[in-house]
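Novice: Okay, structure incoming, though there's no sequence with it:
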């Protein structure tokens, strides 16, 4: 019959640190709505554990770092309340890996991004200094601010609101005043995103007006 060996002090410390960091990272994942997280820990003990006896009392872990983020390097104090008690200080760096959105193919500047242009790839988010997206839905429908290479990580600085109207496109002009509304066909003279004011030529009167982009292919103006 095999007898299970009692854990030594070093094993107890490793387990206590792992449990503490797992709880901190799980809470951060809940706050940030991370999906599919995994992590690894790089731990450096500042005290030798060779002469320590296994802790027979309560083992507690407290953080003494200035930065409480679990992604920052943490200084942890591991305390044994047994007799004789002891305390060990550790420096712990967590590496968190998440599946984040990348370009599956080249995305040209000004394109409205579709799901077929995207894929998820796992990265160490601590190295994604420009930010990232953990869900395809956060990126689908956005516009590409500049050309994106195949395989490139999609960071917030690459995205903009999608173009609703393009120069030369025929649009519907909705005009209203004093409760009276009418519609006409126009030609967009500039590109436009939702909420922007663009120049439009009314194809009936040939008059150039300023109109606000309401949705794809639709602008609104007032009678003048």
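Specialist: Structure's in. What do you need? All values derive from a computational prediction rather than experimental measurement. Numbers count the residues shown, from 1 in each chain.

Novice: make it CA atoms for all contacts and neighbour counts henceforth
Specialist: Fine.

Novice: Check which helices and strands the longest strand seen in the chain sits against.
Specialist: The single longest strand within the chain, with elements called by DSSP state E, is strand 86-103. When contacts are defined as 3 or more C-alpha pairs under 8 Å, 6 or more residues apart in numbering; DSSP states H and E, strand 86-103 packs onto strand 38-45, strand 74-80, strand 118-124.

Novice: Buried residues, that strand. List them.
Specialist: Applying a neighbour-count criterion of 16 or more other C-alpha atoms under 10 Å, the buried positions in strand 86-103 are 88-90, 92-103.

Novice: quick revisit: got JSON lines for the helices and strands packed on strand 86-103, with mean neighbour count and mean pLDDT too?
Specialist: Shown next, in JSON lines, are the helices and strands packed on strand 86-103 (neighbours: other C-alpha atoms under 10 Å; pLDDT from 0 to 100):
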{"stretch": "strand 38-45", "mean neighbour count": "14", "mean pLDDT": "96"}
{"stretch": "strand 74-80", "mean neighbour count": "21", "mean pLDDT": "95"}
{"stretch": "strand 118-124", "mean neighbour count": "17", "mean pLDDT": "97"}
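
Novice: Format these as TSV; extra columns: distance to residue 110.
Specialist: Shown next, in TSV, are those (distance: least, C-alpha to C-alpha, whole Å):
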stretch	distance to residue 110
strand 38-45	34
strand 74-80	42
strand 118-124	16
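
Novice: Tell me how the protein divides into domains.
Specialist: Domain ranges of the chain: 9-96, 98-160, 163-221, per automatic domain parsing.

Novice: So which of the helices and strands packed on strand 86-103 is nearest residue 220?
Specialist: Judged by C-alpha to C-alpha, the one of the helices and strands packed on strand 86-103 that comes nearest to residue 220 is strand 118-124, at 33.4 Å.

Novice: residue boundaries of the strands in the chain?
Specialist: Using DSSP E, strands in the chain cover 38-45, 59-63, 74-80, 86-103, 118-124, 143-144, 159-160, 163-165, 170-177, 180-188, 192-193, 197-202, 208-215, 218-221.

Novice: Now do the fourth one and strand 59-63, the angle between them.
Specialist: Counting by axes from the mean of the first three to the mean of the last three C-alpha atoms, to 10 degrees, strand 86-103 lies at 60 degrees to strand 59-63.

Novice: Let me see the contact set for residue 102.
Specialist: For residue 102, the contacting residues are 118, 119, 120, 121, 150, 151, 152, 153, 154, by C-alpha atoms under 8 Å, 6 or more residues apart in numbering.

Novice: Provide the partner residues of it in its beta bridges.
Specialist: With DSSP bridges as the criterion, residue 102 is bridged to residue 119, residue 153.

Novice: what's the spacing between residue 219 and residue 172?
Specialist: Going from residue 219 to residue 172 by C-alpha to C-alpha, to the nearest Å gives 6 Å.

Novice: Please apply the same query to residue 215.
Specialist: Distance of residue 215 to residue 172, computed by C-alpha to C-alpha: 10 Å.

Novice: Same check on residue 34?
Specialist: Going from residue 34 to residue 172 by C-alpha to C-alpha gives 41 Å.
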